[in-house]
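In: let's see this in three dimensions:
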Amino acid sequence: MKMTSTKIFNLISYLSILFYCWAIYFLFQLIKIVKTGNNGWEQMNNFLVLAGIGLAFSSLKDPNRSYNFISKRIRKNEILGTLVIVLVSLSIVGFILFGLSMMFFSKTYRSEAIAVGMIVLGLSLIHI
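Out: Model prediction:
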């Protein structure tokens with residue numbers, strides 16, 4: 001079996017599942033810590049960074065092969081497609097601007113760490 005670059009990138013994209021699972025682990029840790037009344041800044045940062053890395057790896061998939069029902073519906077409907085593009089664009093700008101403003105105007109290390117996680121998540125959304 002000949003390995004083309006498309007197949008190699010498609011195989012590498014499966015690493016996104018590992019990063020998503022790892023991010024979910026930190027999300028559950030965050031929920032558990034918040035229920036006890038403490039803040040879980042480190043867990044939130046880990047969740048944001050790992051979810052962003054997972055999104056970046058999932059963008060390596062071959063886009064011609066991986067359409068599901070929702071993707072086909074969005075691509076066929078022009079209004080729905082435009083709405084999705086606008087929503088994703090606004091979330092990208094929102095994550096990056098909020099992260100940058102937190103990074104430059106925060107006084108604590110914890111909020112700077114959350115800012116890095118938000119910037120990574122925003123940048124990884126660009127590849128969707």
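In: out of the helices and strands in this structure, which is least certain?
Out: One helix or strand of the chain scores below all others by mean pLDDT, DSSP states H and E: helix 69-76, with a mean of 77.
In: in it, what counts as buried?
Out: Neighbour counts over helix 69-76 (16 or more other C-beta atoms under 10 Å) mark I74 as buried. All C-beta spots, glycine's among them, are computed from the backbone N, C-alpha and C.
In: C-terminal to it, what's the next element?
Out: Note on helix 69-76: by DSSP states H and E, the next helix or strand toward the C-terminus is helix 78-105.
In: name the helices or strands packed onto that next one?
Out: Secondary-structure packing of helix 78-105 (3 or more C-beta pairs under 8 Å, 6 or more residues apart in numbering; DSSP states H and E): helix 69-76, helix 109-125.
In: could you redo the last one with a cut-off of 10 Å?
Out: Using 3 or more C-beta pairs under 10 Å, 6 or more residues apart in numbering; DSSP states H and E as the contact test, the elements touching helix 78-105 are helix 41-58, helix 69-76, helix 109-125.
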